[in-house]
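Have a look at this prediction, sequence included:
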Amino acid sequence: MHVRAYLRASTKDQDANRARDDLFRFAEERGLKIAASYVENESGASLKRPELFRLLNDCHPGDVLLVEQVDRLSRLNAGDWERLKAEIQNRRVKVVALDLPTSWMMATAGKDDIQSRMLDAINGMMLDMLAAIARKDYDDRKRRQAQGIVKAKAEGRYRGRPEDEKRNDGIMKMLAGGMSWNSIISTTGCSRSTISRLAKKAAPPSM
């Protein structure tokens with residue numbers, strides 16, 4: 001059995017490594033060693049998480065996927081959560097989360113006994129519940145943000161998201177160097193509308 005730590009933050013401004021010490025301490029207290037850590041800055045509401053799927057691809061049956069909180073693993077909608085859960089179950093990976101005490105015994109339970117199967121069933125139900133709560137929290141936060149923007153616009157206070165000047169300067173240099181739009185999108189993660197706006201800004205005025 002190998003323990004694999006998954007650390008995720010939703011934006012590049014957040015530190016996905018923040019929980020590393022807690023995960024390693026948890027493993028050490030149970031006489032376990034973390035074989036590898038997988039770190040990425042991606043939204044938990046999306047299945048587009050290459051490090052998570054690299055972790056699952058590296059797993060063998062009985063391995064442990066260790067996370068700080070269930071919402072680090074999923075803020076997915078119901079359909080995507082079912083797809084991710086099926087992938088985890090098909091690979092026979094045990095999910096252990098520091099905020100889910102019912103999962104802690106999964107880290108040291110035997111491979112094929114009645115207790116292990118009972119723990120797996122109980123833990124599966126708890127994971128479903130916490131994943132649903134995490135998604136509701138995500139949806140509620142998005143709704144409050146949208147309501148705040150509508151109110152700010154009505155009151156003339158909304159200024160939009162601050163411009164990422166450093167990134168945009170880099171994009172303009174890429175455009176000036178003849179790099180294709182697709183290559184710029186792949187490199188920076190920006191949208192086509194952003195490139196279009198910057199390309200117009202960089203274009204010389206018409207005579």
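Perfect, thanks for sending it. If you're wondering where the values come from, they're calculated on a predicted model, not measured in any experiment. Residues are numbered from 1 along each chain as shown.

So which elements touch the helix or strand of the chain with the lowest mean pLDDT?
Considering only helices and strands, the least confidently modelled element of the chain by mean pLDDT, DSSP states H and E is helix 114-154, at a mean of 78. Using 3 or more CB pairs under 8 Å, 6 or more residues apart in numbering; DSSP states H and E as the contact criterion, the secondary-structure elements in contact with helix 114-154 are helix 70-73, helix 78-90, strand 94-97. Bear in mind the C-beta positions are built from the backbone N, C-alpha and C, glycine included.

For Asp164, find the nearest of the ones you listed.
For these, proximity to Asp164 was assessed by CB to CB; helix 70-73 is nearest, at 25.2 Å.

picking that back up, redo the helices and strands packed on helix 114-154 as CSV? Include distance to Glu165.
Listed next are the helices and strands packed on helix 114-154 as CSV, based on distance: least, CB to CB, whole Å:
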stretch, distance to Glu165
helix 70-73, 31
helix 78-90, 34
strand 94-97, 38
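
how about TSV for those, with distance to Pro61 and mean neighbour count added?
As requested, these are arranged in TSV below (distance: least, CB to CB, whole Å; neighbours: other CB atoms under 10 Å):
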stretch	distance to Pro61	mean neighbour count
helix 70-73	19	23
helix 78-90	10	14
strand 94-97	10	24
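
and the residue nearest in space to the middle of the chain, what does it touch?
Most central residue of the chain, judged by C-alpha distance to the mean C-alpha position with CA atoms, centre = their mean, is Gly44 at 3.6 Å. Under the criterion of CB atoms under 8 Å, 6 or more residues apart in numbering, the contact list for Gly44 reads Arg8, Ser10, Asp71, Arg72, Leu73, Ser74, Arg75, Leu76, Ala134, Tyr138.
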